[in-house]
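# My questions concern the predicted model and sequence given below.
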Amino acid sequence: MVRNEEIRRHGSAALRILAVAAVYYGSAQLGLLQQLVRGQVTPLWPPTGVAVAGLLILGLRIWPGIALGAFLVNVSIGPSLPAVLSITAGNTLAPVCAYLLLRRAGFHNQLDRLRDVLALIFLGALGAMLISSTVGSGVLVLAGALQPSDFWPTWSVWWTGDAMGVLVVVPFLLVIRTARWPRAPLGHWAEAVALLLGTLSATYLATGTSSSSLLFLIFPFLIWAALRFQLAGAAPCALAVSTLAILAAARRTGPFAHQDLFVNMVTLQAFNGVAALTALLLSAVIIERNRTHEEIRRVFAQLSEMVAQMEPRPGTYQWPPPDDDEGRDRDR
């Protein structure tokens, strides 16, 4: 029985690792459809978000699945086997460091506190992803796949792509993991459908015209999603907005039509970053506000119950007895 239990446990762990590798590889193929540099550097790298979310949900033991998925992705596009192994190591080490930093900071997977969102931004996205971008760009230069002058442009695209993968994909996957079919009134469902259609329409309009100022039309819908649906609405809307903006940048249409790669990347990543930050930060603030209101309501109910228990009941003896001014007047 003990042997069967060990076999079952190891088999379950192996299935998790293989599942993580498969999802990593599949999301990488989607990300490579919008590559901008050397066929392998994209402005949004979803596998990084898949890796960090997998570590947060399943734990550190699934890191071999990340390494296997990264190796399978890079082996067909890397310049040489040593370079592929080095890039794979960087792509594995960055999510692992992000996971360790987030756990060290007391990160909650529910993203229900402002400190969780700030930790995800600065530790999980901007900080840890420096590893993969530096290792990957440096290896490509050392392998002769890139000119030394192309190091910093490639590094910037790589870093922002991995960081956006964490900021956009991780909240979405954490929300999907805990999602339940809500029993909401019909008006709530109608509002959700209107929010989705409005967000997609505004994004298509903003990315379909040459004026970059129309990109600001999207932010009222992100604010609407955070205020009314918190993270469950903000995370999917931020993912949809970023995906459509990246598609427009890859096709060089709309506000990205007549600019060079550097200008397009600055515009795209600034927009995606501000959109993700707006949605995540505002939803976390709303969640904390609602939790504070619930706590105040609970404390008020407890105080009311305590006051009700302290009030004297009819027919009970009180000490000291109440003043009987009327009786003293009769005695006089």
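All right, it came through fine.
# can you give me the strands for this structure?
Taking DSSP state E as the criterion, the chain contains no strands.
# how about the helices of it, start to end?
2-32, 46-58, 63-74, 81-104, 114-119, 129-142, 151-178, 186-208, 219-251, 261-310, 325-331 (DSSP state H).
# Go ahead and flag the most central residue of the chain.
Pro171 (2.5 Å; C-alpha atoms, centre = their mean).
# Please name the residues that touch it.
Going by C-beta atoms under 8 Å, 6 or more residues apart in numbering, Pro171 touches Leu111, Leu120, Leu231, Ala234, Ala235, Ala238, Leu280. (Glycine included, C-beta is placed from N, CA and C.)
# burial measure for Ala28, as a count.
The tally of other residues near Ala28 (other C-beta atoms under 10 Å) stands at 23.
# Please look at it and Pro47 and confirm they touch.
Yes: taking C-beta atoms under 8 Å as the definition, Ala28 is a contact partner of Pro47 at 4.6 Å.
# quick one: Leu123 from Tyr204, how far?
34 Å (C-beta to C-beta, to the nearest Å).
# Those two: which has the busier surroundings?
Taking neighbours as other C-beta under 10 Å, Leu123 and Tyr204 compare with Leu123 leading, 21 against 13.
# one step back: deepest of the helices of the chain, which one?
Comparing these by mean neighbour count (mean count of other C-beta atoms under 10 Å), helix 46-58 comes out on top with a mean of 26.
# That one to helix 2-32, inter-axis angle?
150 degrees (axes from the mean of the first three to the mean of the last three C-alpha atoms, to 10 degrees).
# circling back: ok, the residue nearest to the centre of the chain to Ala225 distance?
Counting by C-beta to C-beta, the separation of Pro171 from Ala225 is 12 Å.
# Next, show the common contact partners of these two.
Ala234.
# what residues are shared contacts of Ala28 and Pro47?
Gly69, Val73.
# OK, contacts around Ala22?
Residues near Ala22 by C-beta under 8 Å, 6+ apart: Gly69.
# and it, how far is that from Phe219?
Ala22 is 36 Å from Phe219, where distance means C-beta to C-beta.
# got any ranges where this protein has weak pLDDT?
For the chain, the stretches with pLDDT under 70 are 1-4, 35-41, 180-182, 184, 311-332.
# Repeat the analysis, applying 80 as the threshold.
The model of the chain has pLDDT under 80 over residues 1-10, 33-42, 78, 178-185, 209-213, 250, 258-265, 311-332.
# List the contacts of Met164.
Contacts of Met164 (C-beta under 8 Å, 6+ apart): Pro43, Leu44, Trp45, Ala125, Ser242, Gln269, Asn272, Gly273, Ala276.
# for Ala94, same thing?
Going by C-beta under 8 Å, 6+ apart, Ala94 touches Thr48, Ala128, Met129, Leu130, Ile131, Ser132, Asp162.
# wait, doesn't Ala232 sit right on Arg177?
No: judged on C-beta under 8 Å, Ala232 makes no contact with Arg177 at a distance of 11.6 Å.
# What is the burial count for Pro79?
17.
# which residue sits closest to Thr134, ignoring its sequence neighbours?
Trp155 (6.7 Å; C-beta to C-beta, 6 or more residues apart in numbering).
# Pretty sure Ser133 is one of the things the one you found touches, is it not?
Yes: if you go by C-beta under 8 Å, Trp155 and Ser133 touch, sitting 5.2 Å apart.
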